[in-house]
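In: Make a model of this:
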Amino acid sequence: MTVRVLIVEDEELAAQAHAAYVDRVPGFETGAVARSATDAARILDGDDAIDLVLLDMNLPDGHGLGLLQRQRAAGRLVDVIAVTAARDADVVRHAVAHGVVLYLLKPFTFATFRAKLEQYAEYRARLASTSGGFVQDEVDSLLGTLRPVPAEPPKGVNAETLREVVAAVRDAEQALSATEVAELVGSSRVTARRYLEHLADVGQLDRAPRYGGSGRPEVEYRWR
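Out: This is a model prediction of the structure:
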């Protein structure tokens, strides 16, 4: 069964992009797009066929958590994935408390977006395939589809160094070269470049040539 999705996003270009992303994932289709909390509430009140809401938190007429709280108070149990730039721990905690099944931080790649929807699709499929009551192992397995174990870093990649490289690039106001990252984290240029290339390969960084210096152009990396 196709999952009908309501996209709640006030920025027009982002809303269009999210709708295009949804329609590229097999088994999902955009059912409606709301540009405000008021529009989203109106759609949910009149369309019982919405299965999933992709909810931005910063809306022009209120916070996404307020919309979510009102929907829960009305007894509406539609599933919600937060798709937002809101990184505050209190927002995340309240989102989880109000039943957000997944939390996707902007900016993201299509691959990351698709992976979240595929996680959700697996959860729905397992839920639909079980008739009657659950035993403990089945409940654990069902919830595990929404909470996958993070992949281990590849061989030779230290988790602590990886976190330092991520923080250096993410907090920078401009793109950084491997040399600049090495200076920030206290490593060699070769080590910094290995970590940067890994992050670029998994879609967390953009890489591009930096021109203007003498000799060959240097590669620079920017957080997505």
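
In: Would you map out the domains in the chain?
Out: By the record's domain assignment, the chain is partitioned as 3-144, 159-223 (automatic domain parsing).

In: Just send those domains back as a markdown table, with mean neighbour count and mean pLDDT too.
Out: Quick note: C-beta positions are derived from backbone N, CA and C, even for glycine. Putting the domains of the chain into a markdown table (neighbours: other Cβ atoms under 10 Å; pLDDT from 0 to 100) gives the following:
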| stretch | mean neighbour count | mean pLDDT |
| --- | --- | --- |
| domain 3-144 | 16 | 90 |
| domain 159-223 | 15 | 87 |
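
In: Does residue 184 lie in a helix or a strand, and which?
Out: For residue 184, the element it lies in under DSSP states H and E is helix 178-185.

In: Can I get that helix in PDB, CA atoms only?
Out: Extracted C-alpha coordinates of helix 178-185, given in PDB (Å, rounded to 0.1, in the frame of the first residue of the first chain):
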ATOM      1  CA  ALA A 178      42.800  19.200   4.600                       C
ATOM      2  CA  THR A 179      45.700  21.400   5.800                       C
ATOM      3  CA  GLU A 180      43.400  23.800   7.600                       C
ATOM      4  CA  VAL A 181      41.500  20.900   9.200                       C
ATOM      5  CA  ALA A 182      44.700  19.300  10.300                       C
ATOM      6  CA  GLU A 183      45.700  22.500  12.100                       C
ATOM      7  CA  LEU A 184      42.400  22.700  13.900                       C
ATOM      8  CA  VAL A 185      42.300  19.100  15.100                       C
END
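
In: Contacts for that helix, please.
Out: Among residues not part of helix 178-185, those counted as contacts by Cβ atoms under 8 Å, 6 or more residues apart in numbering are 161, 164-165, 168-169, 176, 187-193, 195-196, 218-219, 221.

In: Can you tell me the element residue 4 falls in?
Out: Secondary structure assigned from DSSP H and E places residue 4 in strand 3-8.

In: Pairing partners for that strand, with directions?
Out: The partner list of strand 3-8 in its sheet, established with DSSP bridges, is strand 28-34 (parallel), strand 52-55 (parallel).

In: Tell me the bridge partners for the residue lying closest to residue 174 once chain neighbours are set aside.
Out: Counting by Cβ to Cβ, 6 or more residues apart in numbering, residue 222 is the residue found nearest to residue 174 once chain neighbours are left out, at 7.7 Å. Bridge pairing for residue 222 (DSSP bridges) gives the partners residue 206.
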